[in-house]
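**Student:** Output the structure for:
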Amino acid sequence: MEISAGEAKKIKLKPIEATPESFMDYGQVIGPSPDGEEFGPQDAQLNLSEGTPRFYIMSLTNRPLGFSTITHHAKVTQCLGSIGGGAWYLGVAKPSIVAEAAAAPEEEGVKRSRCGHLYAAPEIEEVRVFRFSGPKFVKLGKGTWHAGPLFEGESMDFYNLELSDTNVVDHTTHNFSKEDGVVFAIEKSE
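**Tutor:** Got it, this is the predicted structure:
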């Protein structure tokens, strides 16, 4: 189903403050730890085994508080955090990768990504928005749908850890506006 952006219904989402507990279905929220503390479950549990890791500063401009597309990476975890700890937002939905043995692409709701894996589109009702502020970053689990980082203001810098070719060979996008007739707006926190 193709729907023009002018016909799309706007869904307002109230941000949830990102904590290790509130974000656990989508990945991890990592905060500061004392120097010398041993590795443990409070640390980012990374999977970068499918290629060469890329850690870089991503400079973004004009990312207002709304979205109509959402993306996932099936082969890698991804870490994002604002430089300076400024507040930012991330739209998310739970991973929906389908095992090859579990379904065929012809089955209802199962699609084959241009990257080769099977997946189900994220459910509109399952989309959430999280607010990140202060000295913390997010580790997105493999396959977690995400839209953003989004923020108020003109520009913001983020550190980003993914694979060197993630956005070329492991980038699947769902367009809610075209396929479902909806766009999401984030209600500002007061």
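
**Student:** Which strand or helix spans the residue lying farthest from the centre of the chain?
**Tutor:** In the chain, the greatest distance from the average C-alpha position (Cα atoms, centre = their mean) is reached by Gly36, at 30.2 Å. Secondary structure assigned from DSSP states H and E places Gly36 in neither a helix nor a strand.

**Student:** What's the separation between it and Thr173?
**Tutor:** To Thr173, Gly36 is 41 Å away according to Cβ to Cβ, to the nearest Å. C-beta coordinates here come from the backbone N, C-alpha and C atoms, glycine included.

**Student:** do Trp88 as well
**Tutor:** For Trp88, the distance to Thr173 (Cβ to Cβ) stands at 20 Å.

**Student:** cool, and Leu161?
**Tutor:** With Cβ to Cβ as the criterion, Leu161 and Thr173 are 20 Å apart.

**Student:** more neighbours, those two?
**Tutor:** When Leu161 is set against Thr173 and neighbours are counted by other Cβ atoms under 10 Å, the residue ahead is Leu161, at 20 against 12.

**Student:** Kindly indicate whether the more buried one is helix, strand or coil.
**Tutor:** strand (DSSP: H, G, I helix; E, B strand; the rest coil).

**Student:** Now do the contacts for it.
**Tutor:** Contacts here follow Cβ atoms under 8 Å, 6 or more residues apart in numbering; on that basis Leu161 touches 46, 48, 53-55, 78-79.

**Student:** Try it again at 6 Å.
**Tutor:** With contacts defined as Cβ atoms under 6 Å, 6 or more residues apart in numbering, Leu161 is in contact with 55, 79.

**Student:** Over to Glu187?
**Tutor:** Residues counted as contacts of Glu187 (Cβ under 6 Å, 6+ apart) are 12, 14.

**Student:** phi, psi of it?
**Tutor:** Note on Glu187: its backbone torsions stand at phi -70, psi 130 [degrees, to the nearest 10].

**Student:** So which residues of this structure form helices?
**Tutor:** Secondary structure of the chain, counting by DSSP state H: helices at 166-169, 176-180.

**Student:** The longest one: which residues count as buried?
**Tutor:** Right, the one you point to is helix 176-180. Of the residues in helix 176-180, 176-177, 180 count as buried by neighbour count, 16 or more other Cβ atoms under 10 Å.
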